[in-house]
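*Asks:* Need coordinates for the following:
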Amino acid sequence: MNWRGASRDSNGRDSRSGVTEPLSDHQSGLDDRTSGWFRRGMAGIASVPAVILMVSFIGFGVLCRESGLSLGQSVFMTAMVWALPSQVVLVGAVSAGTPLVLTAIAVALSAVRLTPMVAAWVPLVRSQHTRRYQLLLLSHFVAITAWIFAMMRLPDVPRRHRVRYFAGFAVTLFACNIAITAASFSLASEMPVVLVAALFFLTPIYFLTAMSAAARLPAEVYALVIGLVADPVLFAYAIPLDIVWAGLVGGSLAYLFGRLRRRGARS
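*Replies:* Okay, here's the model as predicted:
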């Protein structure tokens, strides 16, 4: 089934955008009902990445309570920041009495990593029927879990249904974690401290395993390996902003190694 005003070659390639996608929903093994794609996305919260993230948010709700925040502040933080590492940075800065300007800078630096994720997500989810306001609204939900979900699942979804499919997953995950933050905050006094710490520690483990699974290019693998080696070294020497420097060094070296590898393959 063609897009309006677009032509395709024999391989199903859009002659104007150069994007290859399924010729029809039936050929991709999916039905043509638009009403079902949001529900299909909702079913994605039963996946391992989404479950681990929801479990990690149990620890976040307890952290907020132990840091002296109110229930309203905790829920507002989850809804507005919607990136667990940035939320942890914000809670730590608030509980330490860090000035507002420095807190904002710290959270912004933590959230900079989401910019290239959104840049990679937009061309994957967008079609000729996608409205700009849809991309703007849904971009709020692009954090690591939703991004990995999009990278792994959206290529198998017909392009004109991808916005609905992603929205079903992202909005459902968002709502569940707001509820989990509120529930865990309210029940914090009844949970063992060791259990809460163990649940919260699932977050970095999940990030590592999920990004490793989503890595497709050699440069992405290089960046992960270099970052894993560089950050402990920088931390051991008490280098300020060790995570930022590990990201910059790892990403830059991975990019250079990737280019050298491609150049060697062509020669």
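*Asks:* So which residues of the stretch 51-200 of the chain form helices?
*Replies:* For the stretch 51-200 of the chain, the helices defined by DSSP state H, counting those that start in this stretch cover 71-81, 84-95, 100-111, 114-125, 132-139, 144-153, 162-186, 193-214.
*Asks:* Figure out which of those helices is closest to Trp37.
*Replies:* Between Trp37 and the helices of the stretch 51-200 of the chain, the shortest separation by Cβ to Cβ is 4.0 Å, and it involves helix 162-186. From N, CA and C alone the C-beta is placed, and that goes for glycine too.
*Asks:* What mean pLDDT does the closest one get?
*Replies:* Helix 162-186 comes out with an average pLDDT of 95.
*Asks:* quick revisit: possible to save the helices of the stretch 51-200 of the chain as a markdown table with mean neighbour count?
*Replies:* Shown next, in a markdown table, are these (neighbours: other Cβ atoms under 10 Å):
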| stretch | mean neighbour count |
| --- | --- |
| helix 71-81 | 17 |
| helix 84-95 | 19 |
| helix 100-111 | 14 |
| helix 114-125 | 15 |
| helix 132-139 | 13 |
| helix 144-153 | 21 |
| helix 162-186 | 20 |
| helix 193-214 | 15 |
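*Asks:* so which of these comes closest to Val48?
*Replies:* Using Cβ to Cβ, the nearest of the helices of the stretch 51-200 of the chain to Val48 is helix 193-214, at 8.6 Å.
*Asks:* what mean pLDDT does the closest one have?
*Replies:* When pLDDT is averaged along helix 193-214, the result is 72.
*Asks:* what's the next helix or strand after it packed up against?
*Replies:* Toward the C-terminal end, the helix or strand that comes next after helix 193-214 (DSSP states H and E) is helix 218-236. Counting by 3 or more Cβ pairs under 8 Å, 6 or more residues apart in numbering; DSSP states H and E, the packing neighbours recorded for helix 218-236 are helix 193-214, helix 242-266.
*Asks:* Show me how far the last one is from its chain's centre.
*Replies:* The gap between the average C-alpha position of helix 242-266 and the chain average comes to 22 Å, counting by Cα atoms, centre = their mean, to the nearest Å.
*Asks:* which other residues reach that helix?
*Replies:* Here helix 242-266 makes contact (Cβ atoms under 8 Å, 6 or more residues apart in numbering) with 109, 113, 217-220, 222-224, 226-227, 230-231, 234-235, 239.
*Asks:* a markdown table please, covering the helices and strands packed on helix 218-236 and showing distance to Leu84.
*Replies:* Shown next, in a markdown table, are these (distance: least, Cβ to Cβ, whole Å):
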| stretch | distance to Leu84 |
| --- | --- |
| helix 193-214 | 6 |
| helix 242-266 | 14 |
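*Asks:* Please name the residues that touch Ile239.
*Replies:* Contacts of Ile239 (Cβ under 8 Å, 6+ apart): Trp245.
*Asks:* Would you confirm that it belongs to a helix?
*Replies:* No - assigned with DSSP: H, G, I helix; E, B strand; the rest coil, Ile239 falls outside any helix and is coil.
*Asks:* can you give me phi and psi for it?
*Replies:* Ile239 adopts backbone torsions of phi -80, psi 130, taken as degrees, to the nearest 10.
*Asks:* Ok, Phe141 next?
*Replies:* Main-chain dihedrals, Phe141, degrees, to the nearest 10: phi -90, psi 0.
*Asks:* Can you tell me the closest non-neighbouring residue to it?
*Replies:* Closest residue to Phe141 apart from its sequence neighbours, by Cβ to Cβ, 6 or more residues apart in numbering: Ala170 at 3.6 Å.
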